[in-house]
Every structure is written in structure tokens, then in C-alpha cells.
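Student: I'll drop the sequence and a predicted model, then ask my questions.
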Amino acid sequence: MNSNIEYKEIKTFGRDELERLFLSVEWSSGRYPERLVQAMQRYETVLSAWDGERLVGMLCAMDDGVMTAYIHYLLVDPECQHCGIGRRLVEIAKERYADYLKIVLIAYTHGTGFYENCGFHAAHDSVAMYLTEMGD
């Protein structure tokens, strides 16, 4: 991995680069690259990390414009994990939403330590719930 990661705020991606990144972390949404291309256009915030021409990380967030931002996706290519990319993407998002009352996300159990190290706290009075049609 190149140590000169470039961070961009863009919403236009090729289906192949999104498919590769999402499948690299074994996320089922990677099986729907055309939908991912469309989804990126609709997020309020899309931050990406690039190693040269290769997409190696991404954070996508939705917000209400004043109070709450929700980080929906944060993923880093496994070959580039533990290099500070995810942490930097979170830092950029925290800067962007500094005036908001809260930033919310749902973490997989194995990822909670990472988010705690980024300043997030687990809610003890709620549970994540979802409805999916993606077959997983």
C-alpha cells in the first residue's frame, strides 16, 4: 500500500471499484454494484480514500441538515486496514458534522473497539434493528 493516501469528497464511482471494495470486506451490498453507484449519488456525504487509482476506503453518511448525522457505511479494504484510513475518514466526518448534536452509527460487534477509540459510545438502552430484502 502506498503511504500517500488521498482523501476525496466525490459521489461518482465506477461499478467495478465499488463492487471490489464492498466484496473485499464481504458485504452483501457488493453484489449490487449498479445500486451502489446510484446510492453514492444520494448520500449527503461520501468520503473516499485512494491509493493511487485504487479505491481503498469509504465513509457514507446521511443527515437531517442540523441535528443528526448517520454514518451508514465505513469500510476499508482488508489489505489497507490498520493503517489509519478508517480513523482518518471518521475524523473528516466528525469535522464535517462538528455543529450537529450527534453522529450515529451501527457497529458490528467486532468493530466496537475501533469506534470507541474514535470517541463513540455504545448505547445501552437500544438495539439495532433492520429489515432487508438482500437475502442475508
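Tutor: Thanks, I have the structure now. What you see is a predicted model, and the numbers here were worked out from it, not measured in a lab.
Student: Helices of this structure, start to end?
Tutor: For the chain, the helices defined by DSSP state H occupy 15-24, 33-42, 85-96, 112-117.
Student: shaky segments in the protein?
Tutor: 1-3, 134-136 (pLDDT under 70).
Student: quick one, what contacts the residue positioned nearest the centre of it?
Tutor: Centroid-nearest residue in the chain: residue 74, 2.0 Å away (criterion: CA atoms, centre = their mean). Applying CB atoms under 8 Å, 6 or more residues apart in numbering to residue 74 gives the contacts 58-60, 86, 89-90, 105. All C-beta spots, glycine's among them, are computed from the backbone N, C-alpha and C.
Student: at 10 Å instead, please
Tutor: Residue 74 is in contact with 25, 47, 57-61, 85-86, 89-90, 93, 105, 107, 111, 114-115, 118, counting by CB atoms under 10 Å, 6 or more residues apart in numbering.
Student: do you know which of the helices of the chain lies nearest residue 6?
Tutor: Of all the helices of the chain, helix 85-96 sits nearest to residue 6, with 10.9 Å by CB to CB.
Student: Dump the C-alpha coordinates for the closest one into PDB.
Tutor: The C-alpha trace of helix 85-96 is given here as PDB (Å, rounded to 0.1, in the frame of the first residue of the first chain):
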ATOM      1  CA  ILE A  85      -7.500   5.100   6.900                       C
ATOM      2  CA  GLY A  86     -10.700   4.300   8.700                       C
ATOM      3  CA  ARG A  87      -9.700   6.600  11.600                       C
ATOM      4  CA  ARG A  88      -9.000   9.500   9.200                       C
ATOM      5  CA  LEU A  89     -12.300   9.000   7.400                       C
ATOM      6  CA  VAL A  90     -14.100   9.200  10.800                       C
ATOM      7  CA  GLU A  91     -12.100  12.300  11.700                       C
ATOM      8  CA  ILE A  92     -13.100  14.100   8.500                       C
ATOM      9  CA  ALA A  93     -16.800  13.200   9.100                       C
ATOM     10  CA  LYS A  94     -16.500  14.400  12.700                       C
ATOM     11  CA  GLU A  95     -15.100  17.700  11.400                       C
ATOM     12  CA  ARG A  96     -17.900  18.000   8.800                       C
END
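Student: Great, nothing more from me.
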